[in-house]
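Engineer: Okay, sequence plus prediction incoming.
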Amino acid sequence: MTGRSAQFATFAIERVFDAPPARVFNAFADPVQKARWFSGPDEWVSEERVLDFRVGGRERLSAGPRDGVPHIFECCYHDIVPDERIIYAYTMHLGAEKRISVSLATIEFSRRGAGTLLTFTEQGAFLDSYDDAGSRERGTRGLLDKLDAELKRRSA
């Protein structure tokens, strides 16, 4: 018995931002902006960050607690429609060897008054007893909070 397993979860988050779709979309596309908000807790250290934002492009982020196991995000962009949609598939690893999940993420941007309605949908496979979709959803909500702060900072 290998102990291999896969648990599946899907979640969707809707969030309204006080910025037009082009500004919200750009916060995902621009490496400098994205680095300011797409990160772990403040006390974590970043070891590597690469963003090639184009269809077929890749993104990689390795960060974690100082002297702890890094959390590694690796993605491939499959569909990008400027100011409207981003679709990517990604894996999460704990350290170099332990893959904990594989997900498909879809981000949709639509005008809501003067702002943007962002809809984030994730379909995930959580691997080998790492069934923590609730934590992933909470983490995504936290990232969207950081995105909101970045958009507010840039408009101030």
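Structural biologist: Cool, got the structure.
Engineer: pretty sure residue 77 contacts residue 85?
Structural biologist: No: using Cβ atoms under 8 Å, residue 77 is not in contact with residue 85; the gap is 11.0 Å. Every residue, glycine included, has its C-beta placed from N, CA and C.
Engineer: okay, these two: which has more neighbours?
Structural biologist: In terms of neighbours (other Cβ atoms under 10 Å), residue 77 is the more surrounded of residue 77 and residue 85; the figures are 19 against 15.
Engineer: which residues touch whichever strand or helix holds the more buried one?
Structural biologist: If you go by DSSP states H and E, residue 77 is part of strand 71-81. Residues outside strand 71-81 that contact it (Cβ atoms under 8 Å, 6 or more residues apart in numbering) are 40, 53-64, 85-96, 105.
Engineer: In strands, which of the residues you listed appear?
Structural biologist: Judged by DSSP state E, those include 58-64, 85-94, 105 as members of strands.
Engineer: Can you flag the buried ones in those?
Structural biologist: 59, 61-64, 86-88, 90-93, 105 (16 or more other Cβ atoms under 10 Å).
Engineer: which of those lies closest to residue 10?
Structural biologist: Closest approach to residue 10 among these (Cβ to Cβ): residue 105, at 10.8 Å.
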